[in-house]
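Asker: Predicted model follows, preceded by the sequence.
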Amino acid sequence: MKAIILTENGGADKLILKEIDKPVIKPNEVLIKTKALSINPVDGFVRTKEAYVKRILQPTPGEDMILGWDVSGTVVETGSEVTGLKNGDEVFGMVNFPGSGKAYAEYVAAPAGQLTIKPANVSHSEAAAATLAALTAWQSLVTYAKVKPGDKVLIHAAAGGVGHYAVQIAKHFGAYVIGTGSANNRDFVIAQGADEFIDYSKEKFEEKVQDADVVIDGVFGDHILRSLDAVKGGGRVISLLTFFEGEIAAKATAKEVFTHRLGVVSNGTDMEVIAKLLADGILRSYISARYSFADIPKAHEEIAGGKTRGKIVVEL
């Protein structure tokens with residue numbers, strides 16, 4: 001089968017197309033013939049930084065390094081312990097995150113418990129898009145922030161992969177949603193369901209909002225300190241990138257704010273909920289770019305710009 005191999009840390013040119021053997025599945029796994037996969041910013045982090053290879057990819061010594069965790073496709077083989085899936089089922093999910101998902105391949109071995117059936121009214125590309133990013137939004141808002149009707153929710157980078165799902169999920173739970181982004185994304189964020197939009201290049205969000213119940217912050221660095229200004233005392237702040245340490249932790253403690261630095265994890269139960277939301281039209285994937293398998297390096301170059309609206313997918 002064809003796979004995209006990361007030869008070493010560096011630029012997108014370090015991603016090389018290679019012919020390798022199909023994976024051999026374990027008793028609890030299924031083999032998926034890939035129809036679509038999704039590219040995320042974390043893919044680029046792992047490609048460029050050895051520390052992320054060790055922390056996230058966790059490759060087995062001596063094996064080819066294959067990136068990717070988001071996959072949608074057809075089951076073509078099932079392990080001896082698998083009971084819930086069968087050959088021919090169309091499935092999708094985030095595979096082995098953190099760990100080696102090895103989704104940049106024509107065939108992917110995946111634990112059956114991390115997958116769910118793809119809704120018939122959703123394409124493989126739309127399904128593949130709604131995996132890591134949608135799970136991040138769900139686990140941030142539902143698992144940790146405990147979003148509820150009437151909450152005021154501030155979502156940064158609301159036009160991005162995680163952001164556009166987070167807006168939709170927060171609205172589904174009856175929250176009042178404020179999204180931040182660049183001016184050209186205003187109409188897009190409002191179309192996802194946001195009640196308000198803040199142009200971060202012209203306005204300081206913490207001057208407009210000081211009473212958020214929940215803040216979802218996916219911006220690097222001390223941006224989280226400003227988010228702590230925007231949340232009310234006793235509120236909840238979920239960080240996708242920055243850890244709550246030092247000055248940040250002290251400020252959160254002083255305001256009695258619940259904080260959590262989210263590390264998204266593969267979860268088949270969460271995927272089932274996301275599948276239902278997709279099937280019912282409550283959650284929608286916005287795909288800004290589609291690439292062929294051989295053009296995965298180009299997809300990496302695009303997402304490295306940090307300005308992607310919605311999701312980037314690869315179709316096989």
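Answerer: Done, it's in. Residues are numbered from 1 along each chain as shown.

Asker: Point to the residue nearest the middle of the chain.
Answerer: Centroid-nearest residue in the chain: residue 133, 1.9 Å away (criterion: C-alpha atoms, centre = their mean).

Asker: Measure how far the helix or strand hosting that residue is from the centre of its chain, please.
Answerer: Per DSSP states H and E: residue 133 is located in helix 132-138. On the basis of C-alpha atoms, centre = their mean, to the nearest Å, helix 132-138 sits 5 Å off its chain's mean C-alpha point.

Asker: Who are the packing partners of it?
Answerer: If you count contacts as 3 or more C-beta pairs under 8 Å, 6 or more residues apart in numbering; DSSP states H and E, helix 132-138 packs onto helix 161-172, helix 268-279. (Each C-beta comes from the backbone N, C-alpha and C, glycine too.)

Asker: now it: mean pLDDT?
Answerer: With pLDDT averaged residue by residue, helix 132-138 scores 98.

Asker: what does stretch 117-127 give?
Answerer: Averaged over stretch 117-127, pLDDT sits at 98.

Asker: just stretch 261-278 next, same as before
Answerer: 98.

Asker: And stretch 221-238, end to end?
Answerer: 14 Å (C-alpha to C-alpha, to the nearest Å).

Asker: got the buried residues for that stretch?
Answerer: Across stretch 221-238, burial judged by 16 or more other C-beta atoms under 10 Å covers 223-224, 226-232, 235-238.

Asker: most tightly surrounded among the helices and strands packed on helix 132-138?
Answerer: Highest mean neighbour count among the helices and strands packed on helix 132-138 (mean count of other C-beta atoms under 10 Å): helix 161-172, with a mean of 27.

Asker: Restricting to C-alpha, output the helix or strand that that helix is followed by in PDB.
Answerer: Using DSSP H and E, the helix or strand that follows helix 161-172 in sequence is strand 176-181. Taking Å, rounded to 0.1, in the frame of the first residue of the first chain, the C-alpha atoms of strand 176-181 are listed here in PDB:
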ATOM      1  CA  TYR A 176     -24.900  32.600  24.000                       C
ATOM      2  CA  VAL A 177     -21.800  32.400  21.800                       C
ATOM      3  CA  ILE A 178     -19.200  35.100  21.100                       C
ATOM      4  CA  GLY A 179     -16.500  34.200  18.500                       C
ATOM      5  CA  THR A 180     -13.200  36.000  17.800                       C
ATOM      6  CA  GLY A 181     -11.400  36.100  14.500                       C
END
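
Asker: State the next helix or strand along the chain beyond strand 176-181.
Answerer: helix 186-191.

Asker: can you give me the offset of that next one from its chain's centre?
Answerer: 20 Å.

Asker: Are there helices or strands packed against the helix or strand following that helix, and which ones?
Answerer: Per DSSP H and E, the first helix or strand lying C-terminal to helix 186-191 is strand 196-199. Here strand 196-199 touches strand 176-181, helix 186-191, going by 3+ C-beta pairs under 8 Å, 6+ apart.

Asker: now these in CSV, with distance to residue 7, mean neighbour count and mean pLDDT?
Answerer: Converted to CSV, those look like this (distance: least, C-beta to C-beta, whole Å; neighbours: other C-beta atoms under 10 Å; pLDDT from 0 to 100):
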stretch, distance to residue 7, mean neighbour count, mean pLDDT
strand 176-181, 35, 25, 98
helix 186-191, 36, 17, 98
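
Asker: Let me have the ones you listed in CSV, extended by distance to residue 126.
Answerer: Compiled in CSV, the helices and strands packed on strand 196-199 are given as follows (distance: least, C-beta to C-beta, whole Å):
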stretch, distance to residue 126
strand 176-181, 21
helix 186-191, 16
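
Asker: can you give me the helices in this structure?
Answerer: Here the chain has its helices, by DSSP state H, at 41-48, 50-52, 124-129, 132-138, 161-172, 186-191, 205-208, 223-230, 246-254, 268-279, 296-303.
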